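Asker: Task: produce atomic coordinates for the following.
(chains A and B)
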Amino acid sequence: MRVATWNVNSLKQRMPRLLPWLDQRRPDVVCLQETKLADDALAELLGDALAERGYEVAAHGEAAWNGVAILSRVGLEDVETGIANGPGFPHPEARAVAATCDGIRVHSVYVPNGRVPDSDHYDYKLAWLAALREVLAAGPDAAIVCGDMNIAPTDDDVFDPDAYIGQTHVTPREREALAEIQALGLHDVVRERWPNERVFSYWDYRAGMFHQDLGMRIDLILAGDPVAARVRAAWIDRHARKGTGPSDHAPVIVDLDEAPDGDIGPVVPPPSNPVTKRGAKKLPQAR
DNA sequence: ATGCCTGAAGGGTTCAGA
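Answerer: Residues are numbered from 1 along each chain as shown, chains lettered A, B, ... in the order given. Reported below is the predicted structural model:
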């Protein structure tokens, strides 16, 4: 079973990239973020194209901003939109949808950006993460949380920590909120597979950041023990960030073995190697 | 001039993103 997550930065604009990518990678479950489409508009836009490919759709969107969805061709049951008891800004935003696909509770999430540390929007981000944690704590262990977390878990997940001083995505409180979610027993499957590699999922559109591989790893797949034990491969599909009209995020993909019948034993982490990093560069700076 | 890109809304410019 192949599960993917992709912040598409507008489904409408990304159609020419999404459909060929679905045909190329053939994921069984796809979590989308920043669809920027109301549910009826999404159904109108790609309902037929997805049905042709065998996907059912659980969408939770709104016009212009935010929006998440789950596509599945291995079943899509018990759909739940939004985060129970989650905060709004000030009203609830379309940032989460969950469904059960082939026995796994799948969450597609688009965590608020935070904008500026210690701002109202930053407080909203922290409250939203706390509410997400409660939802996950009440759910099954056979869960997978996919999405744009808008947090780089460690300094190894940004091209240069100095470039992000005073910015969101790297502050201790955000990272602690994410760590508390992971402490429920969720494995960051890409980092566990590539413990010392330079792996990013987002690159700013500007100033050739992608070309120079100056990015961040903020799109994560977090898997509970029963799912993490089935991980056969986990990687970031940089190819989808190349070429004409890409999203500024690349898809993250994980391949799972078939669910075992009995006890599969402990999850064994892969061996470690020293971190290799290239020369630091600054973000584009204002004058 | 955080807006060197991109997308969306609502008009011909502003806001949001990370």
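
Asker: Do you have the strands of the stretch 1-150 of chain A handy? List them.
Answerer: A:2-7, A:29-33, A:56-60, A:68-72, A:77-81, A:96-101, A:104-110, A:143-148 (DSSP state E, counting those that start in this stretch).

Asker: As PDB, could you dump the C-alpha coordinates of the fifth one?
Answerer: Once non-C-alpha atoms are left out, strand A:77-81 reads as follows in PDB (Å, rounded to 0.1, in the frame of the first residue of the first chain):
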ATOM      1  CA  GLU A  77     -14.800   5.000   5.700                       C
ATOM      2  CA  ASP A  78     -15.800   7.000   8.800                       C
ATOM      3  CA  VAL A  79     -14.900  10.400   7.300                       C
ATOM      4  CA  GLU A  80     -14.400  13.100   9.900                       C
ATOM      5  CA  THR A  81     -13.900  16.700   8.900                       C
END
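
Asker: does residue A:219 really touch residue A:5, like I thought?
Answerer: Yes: here residue A:219 reaches residue A:5: they are 6.1 Å apart, a contact under Cβ atoms under 8 Å. Quick note: C-beta positions are derived from backbone N, CA and C, even for glycine.

Asker: sorry, back to before: deepest of the strands of the stretch 1-150 of chain A, which one?
Answerer: Sort the strands of the stretch 1-150 of chain A by mean neighbour count, taking mean count of other Cβ atoms under 10 Å, and strand A:29-33 sits at the top with a mean of 29.

Asker: If you compare the directions of it and strand A:104-110, what angle comes out?
Answerer: Angle of strand A:29-33 versus strand A:104-110, following axes from the mean of the first three to the mean of the last three Cα atoms, to 10 degrees, is 20 degrees.

Asker: Which parts of the stretch 151-287 of chain A are strands?
Answerer: A:187-188, A:219-223, A:231-236, A:252-256.

Asker: which helices and strands does the longest helix seen in chain A pack with?
Answerer: Secondary structure of chain A per DSSP state H: the longest helix is helix A:120-137. Where contact means 3 or more Cβ pairs under 8 Å, 6 or more residues apart in numbering; DSSP states H and E, helix A:120-137 is packed against strand A:96-101, strand A:104-110, helix A:172-182.

Asker: still on that earlier bit, which residues do residue A:219 and residue A:5 both contact?
Answerer: Both residue A:219 and residue A:5 are contacted by A:147, A:148, A:252, under the criterion Cβ atoms under 8 Å, 6 or more residues apart in numbering.

Asker: The last one pairs with what?
Answerer: If I follow you right, that is residue A:252. residue A:5, residue A:236 (DSSP bridges).

Asker: Then the first one?
Answerer: The partner list for residue A:147 in beta bridges (DSSP bridges) reads residue A:109, residue A:220.

Asker: what does chain A have sitting close to DNA strand B?
Answerer: A:7, A:9-10, A:12-13, A:34, A:36, A:63-65, A:112-113, A:115-116, A:121, A:148, A:150, A:167-169, A:202, A:204-208, A:216, A:218, A:245, A:248, A:283-287 (Cβ under 7 Å from any atom of the strand).

Asker: again, 6 Å this time
Answerer: Residues of chain A found near DNA strand B (Cβ under 6 Å from any atom of the strand) are A:7, A:9-10, A:12-13, A:36, A:63-64, A:113, A:115, A:148, A:150, A:167, A:169, A:202, A:205-207, A:216, A:218, A:245, A:283-287.

Asker: Drop anything exposed from those residues.
Answerer: A:7, A:9, A:36, A:148, A:150, A:169, A:202, A:216, A:218, A:283 (16 or more other Cβ atoms under 10 Å).

Asker: per-residue pLDDT, the first one?
Answerer: This means residue A:7. Looking at residue A:7, its pLDDT is 98.

Asker: quick one: contacts for the nearest residue to it once chain neighbours are set aside?
Answerer: Counting by Cβ to Cβ, 6 or more residues apart in numbering, residue A:7 lies nearest to residue A:249, which is 3.8 Å off, once chain neighbours are set aside. If you count contacts by Cβ under 8 Å, 6+ apart, residue A:249 has them with A:6, A:7, A:8, A:9, A:148, A:201, A:202, A:219, A:241.

Asker: hang on, the earlier thing: can I get the helices and strands packed on helix A:120-137 in TSV with mean pLDDT?
Answerer: Listed next are the helices and strands packed on helix A:120-137 as TSV, based on pLDDT from 0 to 100:
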stretch	mean pLDDT
strand A:96-101	98
strand A:104-110	98
helix A:172-182	98
